[in-house]
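**Q** Whatever this is, show me its structure:
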Amino acid sequence: MKAIEVTGTLDEKGQLSLDYPIEKFPPSRVRVIVLFPEVTDEVETDPDDTPIAEVKASLRRALKQAKSGQRIPLSEMWEGIDVE
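**A** Just a heads-up that it's a prediction; the model follows:
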């Protein structure tokens, strides 16, 4: 059995809806493990939960900057950063 990780939403009726279709696999029955966030008083932020639209916008800005020559040469990237 092969495992992949996907995200989705559980609705009021208990039906699971995936955020994106699972591709490159033939139609078949699957086993599903659902992980629920723990209920706490504090709001936890997961650094991997950046919305797709925000990631795409950032990549577009970076590509635009690279095309216009607004970039830092790799040889200068670590200057001024203390690395032990």
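**Q** For the rest of this, base every contact and every neighbour count on C-alpha atoms.
**A** Will do.
**Q** Now do the strands in the chain.
**A** Per DSSP state E, the chain carries strands over the ranges 8-10, 16-18.
**Q** which stretch in the ones you listed has the least confidence?
**A** Of all these, the minimum mean pLDDT falls on strand 8-10 (a mean of 90).
**Q** Tell me the strands beside that one, with direction?
**A** If you go by DSSP bridges, strand 8-10 pairs up with strand 16-18 (antiparallel).
**Q** Give me the buried positions along the strand it pairs with.
**A** Under the neighbour-count criterion of 16 or more other C-alpha atoms under 10 Å, strand 16-18 has nothing buried.
**Q** Report the distance from that strand to the chain centre.
**A** Centre-to-centre, strand 16-18 and its host chain are 17 Å apart (C-alpha atoms, centre = their mean, to the nearest Å).
**Q** do stretch 69-84 as well
**A** Once both centres are worked out by C-alpha atoms, centre = their mean, stretch 69-84 turns out to sit 26 Å from its chain's centre.
**Q** Then stretch 12-27?
**A** Centre-to-centre, stretch 12-27 and its host chain are 17 Å apart (C-alpha atoms, centre = their mean).
**Q** ok, and what's touching it?
**A** With contact meaning C-alpha atoms under 8 Å, 6 or more residues apart in numbering, stretch 12-27 is reached by Val6, Thr7, Gly8, Thr9, Leu10, Asp11.
**Q** Quick one: end-to-end length of it, please.
**A** 26 Å (C-alpha to C-alpha, to the nearest Å).
**Q** and if you look at stretch 14-25?
**A** End-to-end span of stretch 14-25 (C-alpha to C-alpha): 24 Å.
**Q** Equivalent analysis for stretch 20-29, please.
**A** Start-to-end span of stretch 20-29 (C-alpha to C-alpha) is 18 Å.
**Q** Could you check how far it is from the centre of its chain?
**A** With C-alpha atoms, centre = their mean, you get 20 Å for stretch 20-29.
**Q** mind listing what's buried in it?
**A** Result for stretch 20-29 [16+ other C-alpha under 10 Å]: no buried residues.
**Q** related to what we said a few turns ago, could the contacts of stretch 12-27 go into a markdown table alongside neighbour count?
**A** What follows is those, written out as a markdown table (neighbours: other C-alpha atoms under 10 Å):
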| residue | neighbour count |
| --- | --- |
| Val6 | 10 |
| Thr7 | 11 |
| Gly8 | 11 |
| Thr9 | 11 |
| Leu10 | 12 |
| Asp11 | 9 |
